[in-house]
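Engineer: I would like to see how this sequence folds:
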Amino acid sequence: MPKDFAAGHLIASHHHTRAQLIYATAGTMRVSTDTAVWVVPPQRALWMPAGVRHSIAMSGDVTMRTLYLRDDAAAGMPGACRVLPVSPLLRELIVRATELPVHYDERGAAGHVVALILDELHHERSLPLHLPMPRDKRLRGLCLALLEQPGDPRTLDEWAPSTNASPRTLARLFVAETGLTFGAWRQQARVLEAMGRLGGGQAVTDVALDLGYDSVSAFSAMFRRAAGVSPSAYRPSR
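Structural biologist: As a prediction, this is how the structure comes out:
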């Protein structure tokens, strides 16, 4: 399915009877389920198993090129949401597939395109890039606010009054429900947001300052530790 969306558009929570490969050739998406959030720039796609409820928010104008796979085609793929890298070959194959008729000839050229897509998908290694979301309403509200403003510098002591919970309770809940401390969760949120913005072409300096870092060097050091590469490596080549 090829479809374009304007910046800020939200696809409300829904699910599909088929598995879905959520991908966009341009723009960044934030995909949310009840348990986690993923930021999906053009260098990555999100594998969404059949039946999983999810919503999609568009960061900037998005050129979505998404695929739906019936059960036999999805056999052997992960049973949970996973981030997959998108190679230049897979990108072009996805674009070509969305130009084909829905009822294509599986024995003709279109069938060969789809067969190659399935082969590429089954050999891609998933990336551990997600942000676990808590179920506790107080903590979830805090996390959603940070997703909207990941550069917010407030500490748990400063967040506590707006959540009707003590800082100690919030700290305990973060570890119990996400497996991460507040500081680690916020850093992961910033890393994912940075990946999306950098993938969309934003300048490293702008991203660093927007996310609350005092200097580009501090941001770059954090990003390299978390992602294994420099921020510039995530920006699209000219």
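Engineer: let me see the contact set for L118.
Structural biologist: 69, 73 (Cβ atoms under 8 Å, 6 or more residues apart in numbering). All C-beta spots, glycine's among them, are computed from the backbone N, C-alpha and C.
Engineer: make residue 1 into 55 and carry on from there
Structural biologist: With the count now opening at 55, the last piece we talked about shows up as L172.
Engineer: any idea which element it lies in?
Structural biologist: helix 163-177 (DSSP states H and E).
Engineer: try V93
Structural biologist: Here V93 is assigned to strand 90-94, by DSSP H and E.
Engineer: which parts of that strand are buried?
Structural biologist: Buried positions in strand 90-94, judged by neighbour count with 16 or more other Cβ atoms under 10 Å: 91-94.
Engineer: can you tell me which of those is nearest E212?
Structural biologist: V91 (22.5 Å; Cβ to Cβ).
Engineer: what's near enough to touch the closest residue to that closest one other than its chain neighbours?
Structural biologist: Nearest non-adjacent residue to V91, counting by Cβ to Cβ, 6 or more residues apart in numbering: L185, 4.5 Å away. Residues near L185 by Cβ under 8 Å, 6+ apart: 90-92, 201, 239, 242-243, 246.
Engineer: strands along the protein, start to end?
Structural biologist: Ranges of strands in the chain, per DSSP state E, are 56-59, 64-68, 73-76, 78-86, 90-94, 98-102, 108-119, 121-123, 136-139, 185-186.
Engineer: can you list these in CSV and add mean pLDDT and distance to G205?
Structural biologist: Output for the strands of the chain, formatted as CSV (pLDDT from 0 to 100; distance: least, Cβ to Cβ, whole Å):
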stretch, mean pLDDT, distance to G205
strand 56-59, 95, 25
strand 64-68, 95, 21
strand 73-76, 96, 26
strand 78-86, 89, 16
strand 90-94, 88, 15
strand 98-102, 94, 22
strand 108-119, 91, 15
strand 121-123, 95, 34
strand 136-139, 89, 23
strand 185-186, 90, 16
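Engineer: how about these in CSV, adding distance to V258?
Structural biologist: Output for those, formatted as CSV (distance: least, Cβ to Cβ, whole Å):
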stretch, distance to V258
strand 56-59, 26
strand 64-68, 28
strand 73-76, 26
strand 78-86, 16
strand 90-94, 17
strand 98-102, 19
strand 108-119, 17
strand 121-123, 32
strand 136-139, 21
strand 185-186, 21
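Engineer: which of those strands sits closest to A214?
Structural biologist: By Cβ to Cβ (comparing all of those), the closest turns out to be strand 185-186, at 21.0 Å.
Engineer: sheet partners, orientation included, of the closest one?
Structural biologist: strand 90-94 (antiparallel) (DSSP bridges).
Engineer: coming back round to it: closest to G81 out of the buried residues of strand 90-94?
Structural biologist: Taking Cβ to Cβ as the measure, G81 lies nearest V94 of these, at 9.5 Å.
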